[in-house]
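Chemist: build me a structure from this.
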Amino acid sequence: MNKRIKVLLTATGGLAGYSHYRLLRNIQAFQVEVVAADISSSFNYTSFIGEPLEIIPRGEEDEFINALLKICINKGVNVVFPCSSNELVPLAKNRDLFKRHGVVVAVSHDPVELAIACDKLSALDRLAQQSTLANFVPRYCRLRNKADLFHAANELGYPHDKLVFKPRFAQGGRGMVLLGHPKKDEWLRSKKGGKMSLEWLDSLLEEDELAEFFIMEYLPGNEYSVDVLCYEGEPEIIIPRVRKMVVDGKAVVSRLLRHEGLITCVKELIQMFNLSYIVNIQFKEDRYGHPKLLEINARVPGTLAADLAGGINMFEEALNLIYFGRIKNREVRWETECGRFFQELYR
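Modeler: Presented below is the predicted three-dimensional model:
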């Protein structure tokens with residue numbers, strides 16, 4: 001009889017919540033019961049399929065660990081898959097606490113390295129110091145004050161070249177601003193309001209906010225998302241995909257692509273940051289077609305269904321790794337395309 005386990009997922013109020021639930025429920029090798037958790041009950045698949053939802057604090061709040069541990073104990077949870085970046089470092093610091101209660105937290109083991117990987121700016125700083133990875137680093141500048149903002153923009157080619165102003169800690173493209181001189185017709189036609197001028201951005205910012213942001217070159221080429229299953233710096237499965245169509249930061253059409261350059265880079269990144277379990281790393285090509293690192297998401301990403309289309313259920317293989325110390329399937333159906341469409345639930 002297949003092993004019965006309870007898996008707790010966080011951030012189930014995101015658009016991928018129901019997709020993750022179905023991936024876990026459809027696993028053949030385990031009988032998985034899903035415990036859904038989120039910071040809010042305002043929108044969640046659970047209310048449409050009649051299952052309970054556990055409300056938890058945000059990952060950065062002091063109450064987060066104790067609240068989550070209490071749920072795990074009361075619900076008999078065996079494995080936790082965190083799906084929000086701000087939960088990762090607190091959980092890594094408290095892995096042993098959960099382990100004492102029989103709960104495996106599927107997060108990287110080294111909280112120091114994990115914190116660097118989750119900080120987009122610090123991650124780029126680390127890569128820039130490695131000769132074999134420096135080619136994957138976009139041109140970027142650290143910011144401390146408004147003088148730095150204008151100096152960095154000029155250094156990176158503004159206003160002739162478009163730039164990106166982005167937060168060090170965010171996910172899903174939140175807080176990112178495209179810097180350029182917008183034209184009136186472009187502004188009116190854009191779904192997101194078009195570009196913003198540096199002068200306008202300057203008027204919106206406070207001096208003490210800038211340390212939480214950085215500025216980098218605009219990357220106009222293909223965007224890639226690489227899903228990885230790994231353990232203590234050793235990758236088990238690496239699946240790059242090209243994001244052929246993106247809407248509001250979410251890939252709606254993607255194709256699994258055996259990109260050897262990205263696979264080689266990702267192997268080194270996984271080892272350098274000593275990452276474990278399901279991880280996602282994103283790249284985008286510069287004007288010359290060279291892929292550059294965008295961010296490291298050391299957590300479950302939203303598009304694991306694309307990997308399933310290519311023959312790999314990342315959740316299932318992660319559970320195989322946890323319970324049997326090995327994975328069972330490495331065969332990827334390359335060139336598989338995945339399209340994401342609305343699927344309604346009713347109550």
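
Chemist: from now on I want contacts and neighbour counts done on CA atoms only, so please keep to that.
Modeler: OK.

Chemist: where do the helices of this structure begin and end?
Modeler: Taking DSSP state H as the criterion, the chain contains helices spanning 17-25, 46-49, 64-75, 88-93, 95-99, 111-118, 120-128, 146-155, 184-189, 198-204, 260-272, 304-309, 314-324.

Chemist: adding mean neighbour count, write the ones you listed out as JSON lines.
Modeler: As requested, the helices of the chain are exported to JSON lines (neighbours: other C-alpha atoms under 10 Å):
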{"stretch": "helix 17-25", "mean neighbour count": "18"}
{"stretch": "helix 46-49", "mean neighbour count": "15"}
{"stretch": "helix 64-75", "mean neighbour count": "16"}
{"stretch": "helix 88-93", "mean neighbour count": "21"}
{"stretch": "helix 95-99", "mean neighbour count": "17"}
{"stretch": "helix 111-118", "mean neighbour count": "20"}
{"stretch": "helix 120-128", "mean neighbour count": "20"}
{"stretch": "helix 146-155", "mean neighbour count": "16"}
{"stretch": "helix 184-189", "mean neighbour count": "11"}
{"stretch": "helix 198-204", "mean neighbour count": "12"}
{"stretch": "helix 260-272", "mean neighbour count": "17"}
{"stretch": "helix 304-309", "mean neighbour count": "20"}
{"stretch": "helix 314-324", "mean neighbour count": "19"}
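
Chemist: reformat those as a markdown table; add mean pLDDT and distance to residue 287.
Modeler: As requested, those are arranged in a markdown table below (pLDDT from 0 to 100; distance: least, C-alpha to C-alpha, whole Å):
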| stretch | mean pLDDT | distance to residue 287 |
| --- | --- | --- |
| helix 17-25 | 96 | 34 |
| helix 46-49 | 96 | 44 |
| helix 64-75 | 98 | 43 |
| helix 88-93 | 98 | 33 |
| helix 95-99 | 97 | 42 |
| helix 111-118 | 97 | 25 |
| helix 120-128 | 97 | 19 |
| helix 146-155 | 93 | 17 |
| helix 184-189 | 48 | 21 |
| helix 198-204 | 88 | 21 |
| helix 260-272 | 98 | 17 |
| helix 304-309 | 94 | 27 |
| helix 314-324 | 97 | 33 |
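
Chemist: I figured residue 263 hits residue 238, correct?
Modeler: Yes: counting by C-alpha atoms under 8 Å, residue 263 touches residue 238, with 6.6 Å between them.

Chemist: looking at the helices of the chain, which is closest to residue 33?
Modeler: Closest of those to residue 33 is helix 17-25, at 7.0 Å (criterion: C-alpha to C-alpha).

Chemist: quick one: that closest one to helix 314-324, angle?
Modeler: 40 degrees (axes from the mean of the first three to the mean of the last three C-alpha atoms, to 10 degrees).

Chemist: now helix 17-25: how far from the chain's centre is it?
Modeler: Centroid separation for helix 17-25 versus its chain: 17 Å, with C-alpha atoms, centre = their mean, to the nearest Å.

Chemist: could you name the helices and strands sitting against it?
Modeler: Packing contacts for helix 17-25, counted by 3 or more C-alpha pairs under 8 Å, 6 or more residues apart in numbering; DSSP states H and E, involve strand 30-38, helix 304-309, helix 314-324.

Chemist: Serialize those to CSV and add fields for distance to residue 51.
Modeler: As requested, those are exported to CSV (distance: least, C-alpha to C-alpha, whole Å):
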stretch, distance to residue 51
strand 30-38, 8
helix 304-309, 22
helix 314-324, 20
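
Chemist: nearest to residue 153, of these?
Modeler: The nearest among the helices and strands packed on helix 17-25, by C-alpha to C-alpha, is helix 304-309 at 36.4 Å.

Chemist: quick one: the closest one to chain centroid distance?
Modeler: For helix 304-309, the separation from the chain centroid amounts to 15 Å (computed by C-alpha atoms, centre = their mean).

Chemist: name the surrounding residues that touch that helix.
Modeler: Residues outside helix 304-309 that contact it (C-alpha atoms under 8 Å, 6 or more residues apart in numbering): 19-20, 23, 227, 239, 254, 256, 313-314, 333, 336-338.

Chemist: if you set the cut-off to 7 Å instead, what comes out?
Modeler: Here helix 304-309 makes contact (C-alpha atoms under 7 Å, 6 or more residues apart in numbering) with 313-314, 336, 338.

Chemist: for residue 138, which of the helices of the chain is the nearest?
Modeler: Nearest to residue 138 among those is helix 120-128 (8.2 Å), distances taken as C-alpha to C-alpha.

Chemist: show me what the closest one is packed up against.
Modeler: On a contact count with 3 or more C-alpha pairs under 7 Å, 6 or more residues apart in numbering; DSSP states H and E, helix 120-128 meets helix 111-118.
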